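K.L.:
Turn this into a structure:
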Amino acid sequence: MSRGKKLDIFIGADIDDSWSEIQSPRKTTISNEILEPSKHFLFFKKEKRRGKTVTLVGEFHLPSNDSEATLKILKKKLGCGGTFKDGWMELQGELKDKLRALLAAEKFRFKNGH
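P.N.:
This is a model prediction of the structure:
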């Protein structure tokens, strides 16, 4: 039996109009506010996804082209993959210490203890 992609289907019942899809609310709100790097207060999260460690850093308040350019530079310097979703940068691996040094060089600030 081959391992396929898991289907993520949300189906719920509603008495009035037969079947309907259950809409789950967005986990984070996307802010339209744009801040300069010295005004950011970033913090780190570590998650496991399919058995692999992922480092999340955010929340960024940058224009989309600036955030993508920053992510591209970080991925190249760290030698890892990553993406930008909902104001958070997700990088593959446990990279908190290296990432902190690179972002501090770009003049980003961090919350206490992170």
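
K.L.:
Walking through this protein, point out its helices one by one.
P.N.:
64-78, 96-105 (DSSP state H).

K.L.:
Could you export the ones you listed as JSON lines, including mean pLDDT and distance to residue 39?
P.N.:
Heads up, the C-betas are built off the backbone N, CA and C, glycines and all. Shown next, in JSON lines, are the helices of the chain (pLDDT from 0 to 100; distance: least, C-beta to C-beta, whole Å):
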{"stretch": "helix 64-78", "mean pLDDT": "93", "distance to residue 39": "14"}
{"stretch": "helix 96-105", "mean pLDDT": "93", "distance to residue 39": "14"}
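
K.L.:
Same list (the ones you listed) but as TSV, adding distance to residue 40 and mean neighbour count.
P.N.:
Converted to TSV, these look like this (distance: least, C-beta to C-beta, whole Å; neighbours: other C-beta atoms under 10 Å):
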stretch	distance to residue 40	mean neighbour count
helix 64-78	11	14
helix 96-105	9	14
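
K.L.:
so which of these comes closest to residue 86?
P.N.:
helix 64-78 (11.1 Å; C-beta to C-beta).
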